[in-house]
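**Student:** What follows is a predicted protein model with its sequence.
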Amino acid sequence: MSACVPARAADSDRTERAHPPHSPPPSGPPRPRIAGADLSASVAVFLIALPLSLGIALATGAPLQAGLVAAAVGGIVVGRLGGSPLQVSGPAAGLTVVTADLIQHYGWRTTCAITVLAGLAQLGLGCLRVARGALAVSPAIVHGMLAGIGVTIAVAQLHIVLGGTPQSSVPDNLLALPAQLANLHPAALSVSLLTLALLLLWPRLPGRAGRVLRAVPAALVAVAGATAVAAAAGLVLPKVDLPSWHNHALAGLPEGPVLGLAAAVLTTTLVCSVQSLLGAVAVDKLVSGRPGPGHVGRSDLDRELLGQGAANIVSGSLGGLPVAGVAVRSSANVKAGAVSRNSTMLHGVLVVIAALLMVPLLELIPLASLAALVMAVGIQMVSLHHIRTVTRHREVLVYAATTLGVVSLGVLEGVALGIAVAVGVALHRLTRTRITHEEQEGVHHVHVRGQLTFLAVPRLSRALHLVPQGADVVVALDGSFMDHAAYETLQDWQSTHTARGGTVEITGRRAGVRIAEPAALTSGHPPDGSEEAGASDTGCRCRPWTAWRNHQCERPRPLPGGAPRPGETDGTKGADGPDVTDGAAGGEPEPAETGGHALVRGISAFQRNTAPLVRGELARLAREGQRPAHLFLTCADSRVVTSMITASGPGDLFVVRNIGNLVPPPGAESGDDSVAAAIEYAVEVLAVRSITVCGHSGCSAMQALLDTEPDGARTPLRRWLRHGRPSLQRMGDDSGPPSRLAGRAPADAVEQLCLTNVVQQLDHLRAHEPVARALKDGALELHGMYFHVGEAQAYLLTERDEEKVFGRVRSADLTM
């Protein structure tokens with residue numbers, strides 16, 4: 001009970017602060033507050049949604065009020081119940097073709113009933129929590145579907161732009177186009193061209209005035225401008241006709257064949273759901289990249305599906321179009337600065353007000369202007385960016401098949417065709433394996449490109465049997481999958497070939513890990529990358545970092561008499577010496593591979609395996625130049641791999657390495673300008689934001705400092721190490737607490753000097769003028785770091801009062 005007393009006291013204290021003792025108690029619940037950003041964003045979205053909703057209703061052949069109903073329901077219902085706070089829902093251009101086809105086949109009232117049933121299906125899917133599964137559809141299929149819908153919309157609306165009436169399908173519209181061009185309607189064409197011109201030019205207005213005017217949506221300006229010109233010129237054109245809401249048609253009982261209705265519900269559910277879910281993911285990306293304060297939670301896709309289903313039930317019941325997330329309106333909502341779902345709901349309220357009070361103004365809009373607006377939206381749905389993306393990923397065939405299928409057959413049929421082509425392409429890639437054999441300088445190379453399955457076993461066997469007995473062979477596996485049949489074939493051949501005096505080296509990549517020889521896989525684990533291949537007591541143990549050391553996976557081969565080689569216990573390296581290879585006659589070991597050959601082999605492995613993966617990033621850096629954010633000054637010790645311990649890549653770090661990670665103090669007496677030049681270049685030219693001095697355990701330079709005799713020979717190494725003498729003096733000074741590691745004392749004098757040296761070199765850094773100036777301006781940070789090689793553990797320097805403590809960096813630490 002006593003534990004509750006402070007909580008009550010704190011609550012009482014907060015209450016008193018919020019309501020002083022002499023103030024009256026609050027009356028009723030607090031009023032909901034709407035942020036100014038949400039209010040302005042709702043107005044911007046409303047001004048875009050109003051003409052687009054009418055235009056989409058016109059394109060589908062539905063009553064024009066249906067577009068307003070869907071816009072209002074999408075804003076209010078999905079805005080309140082949906083899982084994506086800033087996504088704006090309403091009648092979508094992606095549903096135009098589907099809805100138009102339904103109206104033509106079943107009539108308007110049955111189409112409304114299909115919309116209700118599609119909403120119920122979405123509710124079921126949301127309850128089953130399968131929203132994430134919808135994102136498994138290939139982007140090439142989704143973009144191809146939208147492109148096909150866009151082509152269909154654009155071709156159909158072109159007839160209205162020219163003053164005619166569209167046909168029921170794209171082929172019919174294309175066949176009727178020559179006759180339509182021969183019978184142009186000049187007034188409709190001029191209004192349409194004016195609308196398109198305003199759509200194109202308004203976002204490109206130059207200057208300060210242009211920035212102010214561009215705040216008004218281009219769609220509203222285009223339709224309003226065309227309407228004003230048509231009214232001023234007295235043009236006789238078909239205009240928007242909004243009958244009384246008393247005569248608005250609501251949903252009726254579905255009429256038609258059961259299978260046809262089921263297919264219609266499935267198509268509507270599919271398009272509405274996929275478009276809405278992909279739109280929610282896109283909105284999350286826009287929000288995360290938006291500057292400025294304000295936290296907006298990530299989308300709950302299952303809740304978004306439930307909200308979309310509820311909206312379709314309400315919209316269909318009230319005689320509205322199907323509802324889905326709309327990219328144009330959602331993007332405008334985010335860019336306008338919306339911070340909550342209030343903006344979406346307010347836009348729906350504004351649509352209701354406009355539908356009730358602005359009917360006389362809306363009925364002045366020419367249908368040709370709305371048709372031009374929708375035609376522009378359809379053209380934009382064929383995205384060149386998406387075409388380039390699918391081409392880069394070699395999925396243009398899937399994209400083209402889906403687009404052509406939607407245009408010529410329909411949405412559901414086109415998507416089914418796209419899925420079939422995508423499956424065919426995936427199977428083709430899985431079974432397409434290229435196997436080559438060549439001989440270079442007496443070594444036979446068998447290169448396998450692609451997935452190695454049982455279908456490729458005959459070709460693999462033919463290539464392997466081209467290798468003569470006793471030859472040296474390198475088998476390169478350039479793929480991510482090997483099934484059991486291919487594995488056994490390769491293992492059996494390798495065993496036979498090595499038994500007859502040949503040598504086999506098998507290289508490749510499995511999730512970034514080098515593959516061991518199949519003959520070494522005696523532990524029974526499949527070579528699928530899930531475990532270290534061949535990690536047995538007698539086989540090779542390949543670690544994830546072996547490729548960095550040019551490690552060669554080889555089984556230990558015993559000396560005559562069955563004795564293992566000196567120092568070899570696990571089949572990798574000797575415990576005290578370099579790699580060893582087969583001995584010559586008499587059992588004497590041959591020397592290890594020379595450094596030059598090892599380096600060439602490592603470069604070859606880089607060109608074969610790594611260069612294709614990093615070439616694009618390096619090309620970008622070559623174009624843009626280096627822009628590192630950090631200067632990393634550390635020792636030249638080969639065990640300290642900066643990219644590994646900092647998880648950095650090309651262009652991230654500006655690295656300076658020397659013996660002992662020393663920073664000579666500025667001045668003529670230092671006798672060395674290389675480090676000072678690097679510091680000046682990093683701070684003043686590259687404008688790095690931080691400098692880190694990194695020492696490490698077992699530093700030979702620190703050991704040499706401890707062992708150096710004052711009257712020793714003045715070699716270049718000893719002259720360089722004089723810059724470390726201040727560290728030695730600091731360690732022997734008793735005026736302050738010594739530098740230490742958090743949790744334990746230094747292991748010996750060398751480790752104590754390594755820690756002290758990092759602190760001392762940071763003091764030397766502060767004495768350099770570029771560093772001092774940047775520190776004064778707040779543009780630079782200095783960090784000390786200690787890396788324990790044996791523990792693979794990094795420590796960062798922190799100051800506790802006057803004590804210098806190096807704290808352990810854990811896997812959960814995110815920043816310095």
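**Tutor:** That came through fine.
**Student:** so where's the stretch 151-300 of the chain uncertain?
**Tutor:** Applying pLDDT under 70 to the stretch 151-300 of the chain flags the ranges 244-247, 289-295.
**Student:** rerun that using 50 as the cut-off
**Tutor:** Counting by pLDDT under 50, the low-confidence segments of the stretch 151-300 of the chain come to 293.
**Student:** the helices in it, which residues?
**Tutor:** Using DSSP state H, counting those that start in this stretch, the helices of the stretch 151-300 of the chain run over 170-182, 186-201, 207-213, 218-233, 258-288.
**Student:** can you put these in JSON lines and add mean neighbour count and distance to Glu617?
**Tutor:** In short, each C-beta sits where N, CA and C put it, glycine included. As requested, the helices of the stretch 151-300 of the chain are exported to JSON lines (neighbours: other Cβ atoms under 10 Å; distance: least, Cβ to Cβ, whole Å):
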{"stretch": "helix 170-182", "mean neighbour count": "13", "distance to Glu617": "42"}
{"stretch": "helix 186-201", "mean neighbour count": "19", "distance to Glu617": "36"}
{"stretch": "helix 207-213", "mean neighbour count": "10", "distance to Glu617": "35"}
{"stretch": "helix 218-233", "mean neighbour count": "19", "distance to Glu617": "37"}
{"stretch": "helix 258-288", "mean neighbour count": "20", "distance to Glu617": "21"}
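**Student:** Tell me which of these lies nearest to Gln703.
**Tutor:** Among those, helix 258-288 comes nearest to Gln703, with 49.6 Å by Cβ to Cβ.
**Student:** chain center to the closest one: distance?
**Tutor:** Computed by Cα atoms, centre = their mean, to the nearest Å, the chain-centroid distance of helix 258-288 equals 22 Å.
**Student:** For Thr503, which of the helices of the stretch 151-300 of the chain is the nearest?
**Tutor:** Proximity to Thr503 (Cβ to Cβ) singles out helix 258-288 among those, at 51.7 Å.
**Student:** how about a markdown table for the helices of the stretch 151-300 of the chain, with distance to Ala311 added?
**Tutor:** Shown next, in a markdown table, are the helices of the stretch 151-300 of the chain (distance: least, Cβ to Cβ, whole Å):
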| stretch | distance to Ala311 |
| --- | --- |
| helix 170-182 | 29 |
| helix 186-201 | 28 |
| helix 207-213 | 34 |
| helix 218-233 | 22 |
| helix 258-288 | 9 |
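**Student:** Which residues are in contact with the nearest residue to Gln65 once chain neighbours are set aside?
**Tutor:** Excluding the flanking residues, the one nearest Gln65 by Cβ to Cβ, 6 or more residues apart in numbering is His248, at 5.5 Å. His248 sits next to 63, 65, 319 when contact means Cβ atoms under 8 Å, 6 or more residues apart in numbering.
**Student:** Can you list which of these are found in helices?
**Tutor:** Within the contacts of His248, residues falling in helices by DSSP state H are Gln65.
**Student:** By neighbour count, which of the contacts of His248 wins?
**Tutor:** Among the contacts of His248, Gln65 has the most neighbours (other Cβ atoms under 10 Å), with 25 neighbours.
**Student:** Correct me if wrong: it contacts Pro243.
**Tutor:** Yes. Under the criterion of Cβ atoms under 8 Å, Gln65 makes contact with Pro243 at 7.4 Å.
**Student:** so where is the protein shaky, pLDDT-wise?
**Tutor:** Applying pLDDT under 50 to the chain picks out residues 1-26, 293, 509-592, 811-816.
**Student:** In the host helix or strand of Ile353, which residues are buried?
**Tutor:** Element membership for Ile353 (DSSP states H and E) is helix 342-357. Neighbour counts using 16 or more other Cβ atoms under 10 Å place 342-348, 350-352, 354-355 of helix 342-357 among the buried residues.
**Student:** Can you lay out these as TSV showing distance to Leu200?
**Tutor:** Formatted as TSV, those follow (distance: Cβ to Cβ, whole Å):
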residue	distance to Leu200
Asn342	33
Ser343	27
Thr344	28
Met345	32
Leu346	30
His347	25
Gly348	29
Leu350	27
Val351	26
Val352	31
Ala354	26
Ala355	29
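**Student:** Kindly indicate which of the residues you listed lies nearest Leu452.
**Tutor:** The nearest member of the buried residues of helix 342-357 to Leu452, counting by Cβ to Cβ, is Thr344 at 51.7 Å.
**Student:** The closest one contacts Gln87, doesn't it?
**Tutor:** Yes. Using Cβ under 8 Å, Thr344 is in contact with Gln87, at 7.4 Å.
**Student:** Now the common contact residues for these two.
**Tutor:** Common contacts of Thr344 and Gln87 (Cβ under 8 Å, 6+ apart): 78, 333.
**Student:** In the stretch 551-700 of the chain, mark out all the strands, start to finish.
**Tutor:** Assigned by DSSP state E, counting those that start in this stretch, the strands in the stretch 551-700 of the chain fall at 630-635, 653-658, 690-696.
**Student:** and the ones you listed as TSV, adding distance to Ala371 and mean neighbour count?
**Tutor:** Formatted as TSV, the strands of the stretch 551-700 of the chain follow (distance: least, Cβ to Cβ, whole Å; neighbours: other Cβ atoms under 10 Å):
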stretch	distance to Ala371	mean neighbour count
strand 630-635	57	24
strand 653-658	57	19
strand 690-696	58	24
